[in-house]
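Asks: Pasted the sequence and its predicted model underneath.
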Amino acid sequence: MFLVAVVWSSLILVVDGYVGHNLRKQFASQSYTATTGQITHSEVTRHRGSKGGTTYGVDIRYRYAVNDRSFDGTRFRYNAGASSDSGWAVKAVAEHPVGSQIKIFYNPRAPQDAVLSPGVDGSDLMLVWFLMPFNMVTLGFCTWLGGWLRERLFKPVAGGVRIITDGPRTRIRLPEYAAMVWCMVAVGGMSFACTFILLIPSGFHPSLRAASSVLFIVTAAGAGAYWWQWRKIHSGEDDLVLDEGAGTMELPETYGRKNRVTAAFSGIENLTLEIIEHRSSKGGVSHTYAPTLWLRGEVGAGQKLADWSDKMKAAAFTDWLRQRLGLSDVPAPRA
């Protein structure tokens with residue numbers, strides 16, 4: 001898991017850096033100096049993929065002069081890549097026939113750096129939202145890596161869960177999903193949906209207005225999901241409550257419980273760390289670790305309190321809670 005997180009995050013960050021650099025350059029090109037140049041070559045490029053699909057791009061070359069020095073340029077836009085839509089490529093070539101005089105926009109501090117189409121358009125913003133699902137996975141990996149390192153370097157109390165003490169009552173924040181997880185799912189899901197709703201029909205060249213609207217909707221969805229879950233968590237709905245004065249424990253409505261469950265300390269038989277095996281459709285196996293409460297007279301599965309991929313965090317929390325409940329030493333995890 002650690003290796004997968006590092007490799008994935010590194011690759012996506014490299015892609016983000018490349019796209020971000022080109023987006024910054026494309027934005028800066030709005031203030032480039034204009035001069036007149038001549039088109040020396042103009043054609044639509046076609047590339048047939050291994051699965052039979054064809055993508056289209058442009059190969060437009062031009063010559064221009066700055067301070068009596070001649071330059072040859074090949075850049076149409078900084079982020080201009082091939083796509084399945086041939087319309088934009090055909091239009092671009094038709095607007096730049098060989099031999100025509102055309103405006104060239106060059107960087108005054110580096111005259112050899114020039115473009116034919118300056119300024120940000122919908123295809124530039126499209127790349128931002130197209131990468132959103134991948135970036136949300138990367139953010140999830142980075143969050144997991146941060147927690148993983150924190151547990152091993154600083155060994156926080158109870159595995160780092162938030163503990164709030166109010167007299168004889170102790171509230172332990174144990175939401176099934178953090179607010180940031182809801183935010184990432186909303187952003188990633190909305191971005192993915194917009195790919196089919198707008199991006200593919202537009203041939204990966206949406207209008208600036210449409211692309212801006214999508215970014216607004218995706219951002220609003222993420223902020224709304226985060227706020228909704230943050231309020232729920234801070235309302236105490238997902239808190240595990242220990243009342244040492246009354247000698248009771250109150251379990252939240254999480255992990256399949258439809259109502260809050262109150263159990264007396266004396267009715268607690270055991271607290272174990274369960275190992276849960278997960279098998280993917282391709283045969284891969286992973287594990288999560290669930291601190292689980294067992295009540296006297298309870299038939300069937302125990303009461304799951306949490307479910308984490310970090311074994312050290314789960315073990316630290318289980319050990320801390322067993323001590324608070326006055327149970328015996330931690331038994332070996334059960335498969």
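Replies: Happy to help now that I have it.

Asks: Just the buried residues of stretch 246-259, please?
Replies: Neighbour-count burial for stretch 246-259, counted by 16 or more other CB atoms under 10 Å, picks out 248-252, 254-255. Glycine gets a C-beta too; all of them are placed from N, C-alpha and C.

Asks: measure the residue nearest the centre of the chain to residue 189 for me?
Replies: Computing the C-alpha centroid of the chain and ranking residues by CA atoms, centre = their mean puts residue 136 first, at 0.3 Å. Using CB to CB, to the nearest Å, one obtains 9 Å as the distance from residue 136 to residue 189.

Asks: residues in contact with the helix or strand hosting residue 318?
Replies: Using DSSP states H and E, the element containing residue 318 is helix 311-325. Residues outside helix 311-325 that contact it (CB atoms under 8 Å, 6 or more residues apart in numbering) are 147, 151-152, 155-161, 170, 172, 242, 249, 265, 268, 271-273, 287, 289-291, 305-306, 308, 328-330, 333.

Asks: So which of these are in helices?
Replies: Mapping the contacts of helix 311-325 onto helices (DSSP state H) picks out 147, 151-152.

Asks: Which of those ranks first by neighbour count?
Replies: The residue in the ones in helices among the contacts of helix 311-325 with the most neighbours, by other CB atoms under 10 Å, is residue 151 (20 neighbours).

Asks: picking that back up, dump the buried residues of stretch 246-259 into a markdown table; add pLDDT and distance to residue 176 as well.
Replies: Formatted as a markdown table, the buried residues of stretch 246-259 follow (pLDDT from 0 to 100; distance: CB to CB, whole Å):
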| residue | pLDDT | distance to residue 176 |
| --- | --- | --- |
| 248 | 96 | 22 |
| 249 | 96 | 18 |
| 250 | 97 | 17 |
| 251 | 97 | 13 |
| 252 | 96 | 9 |
| 254 | 95 | 5 |
| 255 | 94 | 7 |
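
Asks: Format the ones in helices among the contacts of helix 311-325 as JSON lines; extra columns: distance to residue 70 and pLDDT.
Replies: As requested, the ones in helices among the contacts of helix 311-325 are exported to JSON lines (distance: CB to CB, whole Å; pLDDT from 0 to 100):
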{"residue": "147", "distance to residue 70": "57", "pLDDT": "90"}
{"residue": "151", "distance to residue 70": "62", "pLDDT": "91"}
{"residue": "152", "distance to residue 70": "60", "pLDDT": "91"}
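
Asks: Remind me which helix or strand residue 262 belongs to.
Replies: Here residue 262, judged by DSSP H and E, is contained in strand 261-264.

Asks: In terms of secondary structure, what does that strand contact?
Replies: Counting contacts by 3 or more CB pairs under 8 Å, 6 or more residues apart in numbering; DSSP states H and E, strand 261-264 is packed against strand 248-251.

Asks: Out of the buried residues of stretch 246-259, which comes closest to residue 21?
Replies: Proximity of those to residue 21 (CB to CB) peaks at residue 254, which lies at 43.3 Å.

Asks: how about the closest one, what does it touch?
Replies: Taking CB under 8 Å, 6+ apart, one finds 174-176, 238 in contact with residue 254.

Asks: Where do the helices of the protein begin and end?
Replies: With DSSP H as the criterion, the chain has helices at 2-28, 87-94, 122-130, 132-154, 179-194, 208-234, 311-325.

Asks: now the angle from the second one to helix 122-130?
Replies: Looking back up the chat, that one is helix 87-94. If you take axes from the mean of the first three to the mean of the last three CA atoms, to 10 degrees, helix 87-94 sits at 150 degrees to helix 122-130.

Asks: Quick check: mean pLDDT of helix 87-94?
Replies: In this model, helix 87-94 carries a mean pLDDT of 92.

Asks: Could you give the number of residues near residue 185?
Replies: Residue 185, neighbours per other CB under 10 Å, totals 18.

Asks: Pretty sure it sits against residue 225.
Replies: Yes. With contact defined as CB atoms under 8 Å, residue 185 counts as touching residue 225 (7.0 Å).

Asks: Could you tell me the end-to-end distance of stretch 21-35?
Replies: For stretch 21-35, the first-to-last residue distance is 24 Å (CA to CA, to the nearest Å).
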